[in-house]
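A.B. asks: Okay, sequence plus prediction incoming.
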Amino acid sequence: MLFHVEMTVKLPPDMPAEQAAKIKATEKAYSQDLQRQGKWRHLWRVAGSYSNVSIFDVEDNAELQELVSNLPLFPYMEIRVKPLCRHPSSVRGDDS
Ligand SMILES: O=C(O)C[C@H]1C=CC(=O)O1
């Protein structure tokens, strides 16, 4: 199942820089592992913001919930999820 996920990061302004850098590094490694597994199919920065638009390819809602709630930045994110299905007018042979 494909999901459009928009994440907006809101770190507390008073979080020490070292702590923020550590969480971001852990988040990067976690996201890159999921990308290599093919579960996090696309990751795009929304220009001009600390937000991303992502496409996840997971078994079901429960797997999406598990992956997203384990993001190191999860406590500091607003997340919006939209389920996707193929568009009948798409000219692509697959959903890549
Ligand atoms: O920077 C972000 O958009 C938040 C998050 C998503 C992947 C990652 O490495 O950090």
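C.D. replies: In hand now; what should we look at?
A.B. asks: alpha carbons only for contacts and neighbour counts from here, please
C.D. replies: Will do.
A.B. asks: just checking, residue 43 touches residue 53?
C.D. replies: Yes: distance between residue 43 and residue 53: 6.0 Å, which falls inside the contact criterion (C-alpha atoms under 8 Å).
A.B. asks: Residue 63 and the ligand, how far apart?
C.D. replies: 17 Å (C-alpha to the nearest ligand atom, to the nearest Å).
A.B. asks: in the sheet, who's paired with the spatially closest residue to residue 39 that is not a sequence neighbour?
C.D. replies: Distance criterion C-alpha to C-alpha, 6 or more residues apart in numbering; nearest residue to residue 39, sequence neighbours excluded, is residue 57 at 4.8 Å. Counting by DSSP bridges, residue 57 forms beta bridges with residue 2.
A.B. asks: I'd guessed residue 57 sits against residue 38; true?
C.D. replies: Yes: counting by C-alpha under 8 Å, residue 38 is a contact partner of residue 57 at 7.1 Å.
A.B. asks: Compare neighbour counts for those two and give me the winner.
C.D. replies: Between residue 57 and residue 38, counted using other C-alpha atoms under 10 Å, the more crowded position is residue 57 (20 against 13).
A.B. asks: helices or strands up against the one helix or strand residue 79 maps to?
C.D. replies: If you go by DSSP states H and E, residue 79 is part of strand 77-84. Applying 3 or more C-alpha pairs under 8 Å, 6 or more residues apart in numbering; DSSP states H and E, one finds that strand 77-84 makes contact with strand 2-9.
A.B. asks: Would you mind measuring from the residue in the chain positioned nearest to the ligand to residue 34?
C.D. replies: Relative to the ligand, the nearest point of the chain is residue 28 (3.6 Å; C-alpha to the nearest ligand atom). Applying C-alpha to C-alpha, to the nearest Å, the value for residue 28 to residue 34 is 10 Å.
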